[in-house]
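Asker: Quick one: sequence and predicted model below, then my questions.
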Amino acid sequence: MRRRIFFNACDELGILVWQDFMLANMDYPIDDAEFSSSLATEAAQQLQQLQARPCLAVLCGGSEVEQQAAMWGAPRELWSTPQVDQLLGALCASIVPGVPFWPSSAHGGAYPHQAK
């Protein structure tokens, strides 16, 4: 209910929303089929609720996922989770086409947590 009130107000007032998915760690069991299925189901449910929202500006794979790995000292190839990024990116493109998908906040650069 509160979520609907929030999004209705954003739609009405022209406030743009950056919406993160539920991911906030770097060590998800990406090779676990049950986890992947659960992730896809939950993400699809959320996207279906958001798909008609004019306020939806960006969909983000997760909060600080890449930043955690980089700060921990993991090799660059472990900073992102391609399977999750591809799964979420594909769901976003399918259910809410036209809304940009961003893999993680922060993302890119020499280190995701550095401005330059």
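Answerer: Received the coordinates, thanks.

Asker: Give me the next element, helix or strand, following the worst-scoring helix or strand of the chain on mean pLDDT.
Answerer: Using mean pLDDT, DSSP states H and E, helix 65-72 stands out as the lowest-scoring helix or strand of the chain, at a mean of 71. Downstream of helix 65-72, the first helix or strand assigned by DSSP states H and E is helix 82-95.

Asker: average pLDDT for that next one?
Answerer: Computed over helix 82-95, the mean pLDDT rounds to 88.

Asker: What are the buried residues along that helix?
Answerer: Applying a neighbour-count criterion of 16 or more other C-beta atoms under 10 Å, one finds Val84, Asp85, Leu87, Leu88, Gly89, Leu91, Cys92, Ile95 buried in helix 82-95. Backbone N, C-alpha and C define where each C-beta goes, glycine included.

Asker: elements contacting the following helix or strand past that helix?
Answerer: Taking DSSP H and E as the definition, the helix or strand that follows helix 82-95 towards the C-terminus is strand 101-102. Using 3 or more C-beta pairs under 8 Å, 6 or more residues apart in numbering; DSSP states H and E as the contact definition, the elements that strand 101-102 packs against are strand 56-62, helix 82-95.

Asker: Cool, thanks, talk later.
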